[in-house]
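Student: Starting from these lines, generate the structure:
(one chain, ligands or ions: 1)
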Amino acid sequence: MSVKDDHIALTGYDRRSEIEMQARAQAVLDTLLTRRSIRDFSDEPVPRDLIETCIRAAGTAPSGANHQPWHFVAISNSETKRQIRMAAEAEEAEFYGGRASEEWLDALAPLGTDASKPFLETAPWLIAVFAQRRGGETPGQDKKNYYVTESVGLATGMLITALHSAGLGTLTHTPAPMGFLTEICGRPKSEKPFVLMVVGYPAIDCTIPKHALIKKDLPEITTFME
Ligand SMILES: Cc1cc2nc3c(=O)[nH]c(=O)nc-3n(C[C@H](O)[C@H](O)[C@H](O)COP(=O)(O)O)c2cc1C
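Tutor: The predicted structure is shown next:
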């Protein structure tokens with residue numbers, strides 16, 4: 001096999017038996033089956049090291065041309081969280097008060113959500129995820145980025161997986177529009193706020209909507225063409 005000059009041999013890949021692979025896949029499934037979006041957070045602190053490790057995990061995601069078009073702003077500062085809560089609740093009040101379509105409000109009804117977002121101050125960490133339209137594979141470049149939404153979505157999924165696997169609760173929050181995050185987080189206008197990840201331990205009296213437990217089964221989400 002010829003190896004291109006700028007390639008190296010694959011490292012870090014372990015070929016496993018099919019039995020071991022099935023067991024490992026099942027273990028991942030078992031872990032992910034226990035993930036729930038939560039909206040009642042404890043104010044118990046979470047170490048920054050843990051957040052750093054989870055963001056590193058997110059940063060391993062595949063991305064268009066390896067441009068890694070994401071930036072994570074991890075916020076534990078009380079005043080910044082308060083500003084985010086105020087701005088988010090102002091947007092959400094307009095959303096629930098008339099901006100959202102009836103169809104959208106109907107879809108949200110089973111979740112029992114409203115414009116009140118106390119968890120934005122209670123949770124120890126908020127991670128604002130930004131999508132970069134321009135950048136490049138190394139910092140400081142100004143090239144066009146490709147498949148930005150797909151790439152940042154994948155990185156965000158890996159972030160949630162890492163946070164959940166570590167034992168933390170999360171809420172993927174999208175107070176639309178989220179433009180206020182750009183200013184509060186001091187990010188350039190060229191970056192688009194993607195999601196606001198709320199992170200911490202569940203409150204002792206945390207509840208979840210039954211609705212969220214209904215997941216489509218394999219035949220509903222899969223077509224095999226063998
Ligand atoms: C892109 C995206 C945006 C979301 N935005 C919100 C939100 O703004 N507020 C909220 O309470 N939940 C939000 N959620 C959480 C969903 O309501 C939740 O994932 C869904 O009900 C399924 O529940 P589960 O995460 O426990 O499986 C969002 C989820 C996604 C993926």
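
Student: surely Thr170 meets Ile38?
Tutor: Yes: using C-beta atoms under 8 Å, Thr170 is in contact with Ile38, at 7.2 Å. (Each C-beta comes from the backbone N, C-alpha and C, glycine too.)

Student: Do a quick rundown of the strands in this protein.
Tutor: Under the criterion DSSP state E, the chain contains strands at 70-75, 125-132, 134-135, 143-144, 169-173, 191-200.

Student: what helices or strands is the longest helix along the chain leaning on?
Tutor: The residue-count maximum for a helix in the chain (DSSP state H) belongs to helix 148-166. Other elements packing on helix 148-166 under the criterion 3 or more C-beta pairs under 8 Å, 6 or more residues apart in numbering; DSSP states H and E are helix 18-33, helix 48-58, strand 70-75, strand 125-132, strand 169-173, strand 191-200.

Student: Need the contact partners of stretch 212-224.
Tutor: The contact list for stretch 212-224 (C-beta atoms under 8 Å, 6 or more residues apart in numbering) reads Arg36, Ser37, Leu111.

Student: Quick check on these: which are buried?
Tutor: Arg36 (16 or more other C-beta atoms under 10 Å).

Student: Could you export the contacts of stretch 212-224 as JSON lines, including pLDDT?
Tutor: Formatted as JSON lines, the contacts of stretch 212-224 follow (pLDDT from 0 to 100):
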{"residue": "Arg36", "pLDDT": "97"}
{"residue": "Ser37", "pLDDT": "98"}
{"residue": "Leu111", "pLDDT": "94"}
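
Student: and the ligand, which of the contacts of stretch 212-224 contact it?
Tutor: Arg36, Ser37, Leu111 (C-beta under 6 Å from any ligand atom).

Student: For Ile204, grab phi and psi.
Tutor: When quoted as degrees, to the nearest 10, the phi and psi of Ile204 stand at phi -60, psi -40.

Student: neighbours around it, how many?
Tutor: Residues lying near Ile204 (other C-beta atoms under 10 Å) number 7.

Student: now swap in Leu154 and tell me
Tutor: 17.

Student: same deal with Glu52?
Tutor: 12.

Student: go on, Asp106?
Tutor: Neighbour number of Asp106 under other C-beta under 10 Å is 10.

Student: Model confidence for the residue most central in space within the chain, exactly?
Tutor: Here the mean C-alpha position of the chain is nearest to the C-alpha of Thr156 (C-alpha atoms, centre = their mean), at a distance of 3.7 Å. We have a pLDDT of 99 for Thr156.

Student: Quickly note the distance from it to Asp114.
Tutor: 24 Å (C-beta to C-beta, to the nearest Å).

Student: Lys216 too?
Tutor: 27 Å.

Student: which residues touch the residue nearest to Glu150 when sequence neighbours are not counted?
Tutor: The shortest distance from Glu150 to any non-neighbouring residue, by C-beta to C-beta, 6 or more residues apart in numbering, is to Gly64 (7.1 Å). Gly64 makes contacts with Asn145, Tyr146, Tyr147, Val148, Glu150, Ser151, as judged by C-beta under 8 Å, 6+ apart.
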